[in-house]
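In: With the input below, show me the fold.
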Amino acid sequence: MFLNSQRRSIGRNSASRSSLSRSKSNALPERQRGSALIIGVFVITVMFLLASALINIVEDGDVGLTQEVWGTRAFAAANSGADASLAKLFPLNGNVGTCLASDVWTPPDVTGFHACSVTLNCTAYAVGAVTQYRINSKAVCESGETRVSRQVEVEARGN
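Out: Have a look, this model is predicted:
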């Protein structure tokens, strides 16, 4: 019986020893105790840099979209200016048209043309017995710091 009790106590001691050795191996040395804080600061810094880059990308996209919208408006204004100059050059009532070397067309005060101005140039030259016209229409649309310019050139033949 004595032998059995010693075996049991030895077994208990060895079990308690193994749990002690496990708890000691899981304990961090003193040099590693602040590593979680450093990793946390690093992760927060990386997330901040990613967020600021995303904000810049979105802001650049907004500026690009604004430029595209104003560019489309300026192109439409330049086309309309060229149409207005052609209407002066070839009037529907059959009168003789005029080709002014320099002219300004004021776009109508509607949503698409506000803050736009159009400058027109017309050049007439003869090719044999036919007169040809070159109309240059330049539109500039402005809003705050945004300024967009588009230019359209049209050629026409007259008698």
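In: where are the low-confidence patches of the chain?
Out: 1-33, 159 (pLDDT under 70).
In: What segments of it are strands?
Out: Assigned by DSSP state E, the chain shows strands spanning 103-105, 116-127, 130-143, 146-158.
In: Verify the stated contact: Ser85 with Asn136.
Out: No: here Ser85 lies out of contact with Asn136, judged by Cβ atoms under 8 Å, at a distance of 9.0 Å. C-beta: built from backbone N, CA, C; applies to glycine.
In: Quick check: neighbours shared by the two?
Out: Counting by Cβ atoms under 8 Å, 6 or more residues apart in numbering, the common neighbours of Ser85 and Asn136 are Leu120, Cys122.
In: Looking at these two now, which is surrounded by more residues?
Out: Shown here are Ser85 and Asn136; by other Cβ atoms under 10 Å, Ser85 has more neighbours (26 against 18).
In: Pull the contacting residues for that one.
Out: The contact partners of Ser85, taken as Cβ under 8 Å, 6+ apart, are Asp103, Trp105, Leu120, Cys122, Ile135, Ser137, Val154.
In: let's see 10 Å
Out: 97-100, 103, 105, 118, 120-122, 133, 135-137, 154, 156 (Cβ atoms under 10 Å, 6 or more residues apart in numbering).
In: Mind checking which residue lies nearest the centre of the protein?
Out: Gly61 (1.9 Å; Cα atoms, centre = their mean).
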